[in-house]
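Undergrad: Return atomic coordinates for the entry below.
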Amino acid sequence: MKYCHVRSYVFFPQIEILLMKMKKIMLYKEVGLSIRQIIRVMELEKNLKHGELPFFDRDIRNLYGKVKRMLSPNDAKNLMQYMKSSKEQNKMFQYVYTLDEENRLENLFWCQAQSFEWYQKYGDVVVFNTTYKVNSYDMPCAIFVSVGNHGKTILLGCALLRNETTHTFKWLMKTFVTIMKKPPTTIITDQDPWISEAILSEMPSTKHSYCIWHITSKFSCWFAGLLRNDYQEWCSDFYKLYKITGHEDFENNWKLMVEKYNLQNNKHVIGLYDVKHFWAPAYLRDYFFGGMITTGRSESINSFIKRFVSSHTSLKDVVKQVDMAV
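TA: Below you'll find the model as predicted:
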């Protein structure tokens, strides 16, 4: 299978495939297996290597949405009443939402009154993160953050999303730009083709960069089993390469590193090279990042949120508790 990078993807009828395996997947979920564990079990059942299933972890999450994630009418009603009340108390409070074909709450974006002013001052570089999920509905909680005076993390906006599709991310990026009146100069995100496509569509003038932490967090899965005793040395060599700021030096050292570990035909290495303009400082040196080369600041806010949001938290409480991070 060809590696799926930013602008060229291989698509499968993922949902249709998953629907055929729905009972088994939901059974695995009922006994407490995580999505990653479910995928690994299914790979072992079919004697497949990691990454060879014709669907992704996000496809299973989206399947949950089709099967199990039905918002309680009272939960959604209370949430929207809270939004309306917040708007009545302060006209600068903003929220935008969508409904599905059955008139159920689908997606919601909101930002506090001061967020617009903060964005005008500190919104040149924005970090976008979807790390945390609201467990009750397995809904991604997406956040936009920046950095203000004295390195203080600023929450610019937050969203609860029904799924993580390109269509949903396009809606969110367009909504953010509309409310803030302009796109950011630079945006840092996880390496995600769906997010990348949405940014390219709705923020064409914005420089998009990938979070190196998110990339390297996959290394153990990609390379540990393959490189075995050489894995730690590979990581060390990669970090040395990452610090190179010259194009020619980067290209020469990349070639040497790949040859050293005999990874010329490795799909992950090929994929990383294909998107080097999104993560390598050698190709990002002409852009302003304000010191935010990872999503570390966004991760810290997610950690704050996670302390308050439990699997039984109502959507209204999620919003109220997220707002405490402002």
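Undergrad: which residue is nearest the centroid of the chain?
TA: Thr130 (4.1 Å; C-alpha atoms, centre = their mean).
Undergrad: Who are the contact partners of that one?
TA: Thr130 makes contact with 140-143, 161, 164, 190, 195, according to C-beta atoms under 8 Å, 6 or more residues apart in numbering. From N, CA and C alone the C-beta is placed, and that goes for glycine too.
Undergrad: before we move on, what about Tyr122?
TA: Neighbouring residues of Tyr122 by C-beta under 8 Å, 6+ apart: 146-148, 154.
Undergrad: ok, now with 10 Å
TA: Residues near Tyr122 by C-beta atoms under 10 Å, 6 or more residues apart in numbering: 145-149, 152, 154, 156, 290.
Undergrad: Tell me how many other residues crowd the residue nearest to Asp230 when sequence neighbours are not counted.
TA: Spatial nearest neighbour of Asp230, chain neighbours left out: Tyr261 (6.4 Å); criterion: C-beta to C-beta, 6 or more residues apart in numbering. Residues near Tyr261, counting by other C-beta atoms under 10 Å, number 18.
Undergrad: phi, psi of Tyr261?
TA: phi -100, psi 10 (degrees, to the nearest 10).
Undergrad: what residues are up against it?
TA: Counting by C-beta under 10 Å, 6+ apart, Tyr261 touches 223, 226-227, 230-231, 233-234, 237-238, 269.
Undergrad: Okay, and which of these map to helices?
TA: Among the contacts of Tyr261, the members found in helices (DSSP state H) are 226-227, 231, 233-234, 237-238, 269.
Undergrad: For Gln120, state which of these is nearest.
TA: Each of these was scored against Gln120 by C-beta to C-beta, and Phe238 proved nearest at 37.9 Å.
Undergrad: Buried residues of the host helix or strand of Leu44, list them for me.
TA: Assessed by DSSP states H and E, Leu44 sits inside helix 35-45. Across helix 35-45, burial judged by 16 or more other C-beta atoms under 10 Å covers 35, 38-39, 42.
Undergrad: Tell me which residues are up against that helix.
TA: Helix 35-45 is contacted from outside by 21, 24-29, 31, 33-34, 48-53, 55-61, 63-64, 133, 138, 221, using C-beta under 10 Å, 6+ apart.
Undergrad: With distance to Lys91 as extra columns, can I get the contacts of Tyr261 in TSV?
TA: Output for the contacts of Tyr261, formatted as TSV (distance: C-beta to C-beta, whole Å):
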residue	distance to Lys91
Phe223	53
Leu226	57
Leu227	57
Asp230	60
Tyr231	56
Glu233	58
Trp234	55
Asp237	55
Phe238	50
Val269	52
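Undergrad: circling back: could you dump the contacts of Thr130 to CSV with pLDDT?
TA: Formatted as CSV, the contacts of Thr130 follow (pLDDT from 0 to 100):
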residue, pLDDT
Pro140, 83
Cys141, 84
Ala142, 90
Ile143, 87
Leu161, 92
Glu164, 91
Asp190, 88
Ile195, 96
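Undergrad: With respect to Met80, which of those is nearest?
TA: The nearest one, if we look at the contacts of Thr130 relative to Met80 and count by C-beta to C-beta, is Leu161, at 16.0 Å.
Undergrad: sec struct for Lys316, please.
TA: helix (DSSP: H, G, I helix; E, B strand; the rest coil).
Undergrad: Please look at it and Gln81 and confirm they touch.
TA: Yes: contact criterion C-beta atoms under 10 Å: Lys316 and Gln81 qualify, at 7.9 Å.
Undergrad: Those two: which has the busier surroundings?
TA: Lys316 (18 against 11).
Undergrad: now that one: how far from Gly246?
TA: Counting by C-beta to C-beta, to the nearest Å, the gap from Lys316 to Gly246 is 52 Å.
Undergrad: Ok, Lys121 next?
TA: 34 Å.
Undergrad: next one: Leu99
TA: Taking C-beta to C-beta, one finds Leu99 at 52 Å from Gly246.
Undergrad: got the end-to-end distance for stretch 83-99?
TA: End-to-end span of stretch 83-99 (C-alpha to C-alpha, to the nearest Å): 15 Å.
Undergrad: tell me which residues in it are buried?
TA: 83, 86, 93-97.
Undergrad: Could you pick out which of those are located in strands?
TA: Of the buried residues of stretch 83-99, the ones assigned to strands by DSSP state E are 94-97.
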